[in-house]
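Enquirer: I would like to see how this sequence folds:
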Amino acid sequence: RMIGDTYLPFLKANFDADLAGQDRFAVTLAGQAYAQPTFRYHVKCLKTLREAFAALAPADRDRATPLLTTTGCLPYLLS
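Expert: Okay, here's the model as predicted:
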């Protein structure tokens, strides 16, 4: 749940800002505002996670989906 609540929203905010050509991003994590410069490595992290999820065999993806849904992670893995 921590990954779905904190890490993936952080990665997504960074990713979206980078995609929009912004050099900074802001996100609210655990009820606190957080901002920092965009970081290309975090863009790569989210892309890699999305690619790995998409590359799963359908049966494996079906098996992982319930856990990813209940932890709030699934929406961040779908591009």
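Enquirer: surely Arg61 touches Ala52?
Expert: No - in this structure, Arg61 is not within contact of Ala52 by CB atoms under 8 Å, at 10.6 Å. Heads up, the C-betas are built off the backbone N, CA and C, glycines and all.
Enquirer: quick one, which of these two is more surrounded?
Expert: Taking neighbours as other CB atoms under 10 Å, Arg61 and Ala52 compare with Arg61 leading, 14 against 10.
Enquirer: and the top helix by length along the chain, what's its mean pLDDT?
Expert: Secondary structure of the chain per DSSP state H: the longest helix is helix 40-55. The average pLDDT for helix 40-55 rounds to 97.
Enquirer: after it, which helix or strand is next?
Expert: As assigned by DSSP states H and E, the chain's next helix or strand after helix 40-55 is helix 58-70.
Enquirer: can you give me the angle that following helix makes with helix 40-55?
Expert: 130 degrees (axes from the mean of the first three to the mean of the last three CA atoms, to 10 degrees).
Enquirer: for helix 58-70, which positions count as buried?
Expert: Of all the residues in helix 58-70, those buried under the rule 16 or more other CB atoms under 10 Å are Leu68.
Enquirer: so what secondary structure elements neighbour it?
Expert: On a contact count with 3 or more CB pairs under 8 Å, 6 or more residues apart in numbering; DSSP states H and E, helix 58-70 meets helix 40-55, helix 74-77.
Enquirer: so the closest residue to Tyr76 other than its chain neighbours is in which element?
Expert: Distances taken as CB to CB, 6 or more residues apart in numbering place Leu8 nearest to Tyr76, at 3.8 Å, with adjacent residues excluded. Secondary structure assignment for Leu8, by DSSP H and E: helix 8-19.
Enquirer: need the residues that contact that helix.
Expert: For helix 8-19, contacts defined as CB atoms under 8 Å, 6 or more residues apart in numbering pick out 23-27, 29, 34, 38-40, 42-43, 45-47, 49, 72-73, 76-77.
Enquirer: list phi and psi for Ala26.
Expert: phi -130, psi 150 (degrees, to the nearest 10).
Enquirer: how about the contacts made by it?
Expert: Counted by CB under 8 Å, 6+ apart, Ala26 has contacts Ala13, Ala33, Tyr34, Ala35.
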